[in-house]
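Trainee: Build me a model:
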Amino acid sequence: MLKTLGAVMVLASGSLCGNAVGGLYSRRPRELKAMMGALLLLKTEIGCIAAPLGEAFAAVARRADQRVAPFFDRAGAHINSTGGLTAAEAWERAVIEASPSSALREEDLDILRDLSAALGNSDRENQAQHVSLAIERLKAAAVLAEEDAGRYVRLYKFLGFGTGLSLVVLLC
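Mentor: Got it, this is the predicted structure:
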C-alpha cells in the first residue's frame, strides 16, 4: 500500500514538473501578445493623448492584460515616486522587478530594455516610433515563441511523465 502511494507520488511529481516547464512555453506567446497590446496602448497615450509618461504608464496598467500590467504599474510608480528617476530609469527598473514573475525570456526583456533609451529622452513622435519598433520586434519574437510552444509543450509534458514512470520502475 505504501509502495503504491509512493509510486503514485513520484509519477505525479514528474508529471507536474513536466507540466510546469511546458506551461512556461505556452505562457510566453500569450504574454508577448499582451505586451504588444499594452505597448500599443502606450503609443496611443504618448502620441495621441500626449499624457505625461507617469500618467501614461498608470493608464496602460489599468487597461492592459493582467499578465503585463505590473511592468507599467511599477514604471508609473517609479516615475511618480520622489526618487527623481527619469522615465528611462523607471522603465528599466520596472522591467527588472516585474520580469521574475513573467514567462518572458531574456531576449524579450532586452527588447523592452532597449525601449527605455527612447522613453522621456525625445519628442512624442520619436517615442511613438520607438514603441512601434518594439512592437514589431515583439511580433517576430511571438512567432518564434509560437513555434517553440508547438514543439516543446507536449515534449516536456511527456518527458516529465516519462521520467516519473522511469523512476517508479527503477525504484520498485
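
Trainee: going forward, measure contacts between C-alpha atoms and count neighbours the same way
Mentor: Will do.

Trainee: so where is this structure shaky, pLDDT-wise?
Mentor: The chain contains residues with pLDDT under 70 at 82.

Trainee: Tell me where it has helices.
Mentor: Counting by DSSP state H, one finds helices in the chain at the ranges 2-44, 53-63, 69-80, 87-98, 106-116, 124-171.

Trainee: Rebuild those helices as TSV, extending it with mean neighbour count.
Mentor: Output for these, formatted as TSV (neighbours: other CA atoms under 10 Å):
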stretch	mean neighbour count
helix 2-44	19
helix 53-63	20
helix 69-80	23
helix 87-98	20
helix 106-116	17
helix 124-171	17
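
Trainee: hmm, who's touching stretch 105-116?
Mentor: Here stretch 105-116 makes contact (CA atoms under 8 Å, 6 or more residues apart in numbering) with 28, 87-89, 91-92, 95, 99, 130-131, 134, 137-138, 141.

Trainee: Is it possible to get CSV of those that adds distance to residue 42?
Mentor: Formatted as CSV, these follow (distance: CA to CA, whole Å):
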residue, distance to residue 42
28, 21
87, 13
88, 14
89, 17
91, 12
92, 16
95, 15
99, 19
130, 11
131, 8
134, 12
137, 16
138, 15
141, 19
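
Trainee: Farthest-apart pair in the residues you listed, please.
Mentor: Greatest spatial distance in those: 28 and 87, 26.0 Å, computed using CA to CA.

Trainee: can I get the CA coordinates of stretch 75-92 in PDB?
Mentor: Coordinates of each C-alpha in stretch 75-92 appear next as PDB, following Å, rounded to 0.1, in the frame of the first residue of the first chain:
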ATOM      1  CA  ALA A  75       7.100  52.100 -14.100                       C
ATOM      2  CA  GLY A  76       4.400  54.600 -13.300                       C
ATOM      3  CA  ALA A  77       5.100  54.200  -9.500                       C
ATOM      4  CA  HIS A  78       8.800  54.800 -10.000                       C
ATOM      5  CA  ILE A  79       8.200  57.900 -12.100                       C
ATOM      6  CA  ASN A  80       5.700  59.300  -9.600                       C
ATOM      7  CA  SER A  81       7.900  58.500  -6.600                       C
ATOM      8  CA  THR A  82      10.100  61.100  -5.000                       C
ATOM      9  CA  GLY A  83      13.200  59.300  -6.100                       C
ATOM     10  CA  GLY A  84      13.700  61.600  -9.100                       C
ATOM     11  CA  LEU A  85      14.000  58.800 -11.600                       C
ATOM     12  CA  THR A  86      13.900  59.500 -15.300                       C
ATOM     13  CA  ALA A  87      11.400  57.700 -17.500                       C
ATOM     14  CA  ALA A  88      14.100  55.500 -18.900                       C
ATOM     15  CA  GLU A  89      15.400  54.500 -15.400                       C
ATOM     16  CA  ALA A  90      11.800  53.900 -14.200                       C
ATOM     17  CA  TRP A  91      11.100  51.600 -17.100                       C
ATOM     18  CA  GLU A  92      14.400  49.800 -16.700                       C
END
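
Trainee: Thank you, goodbye.
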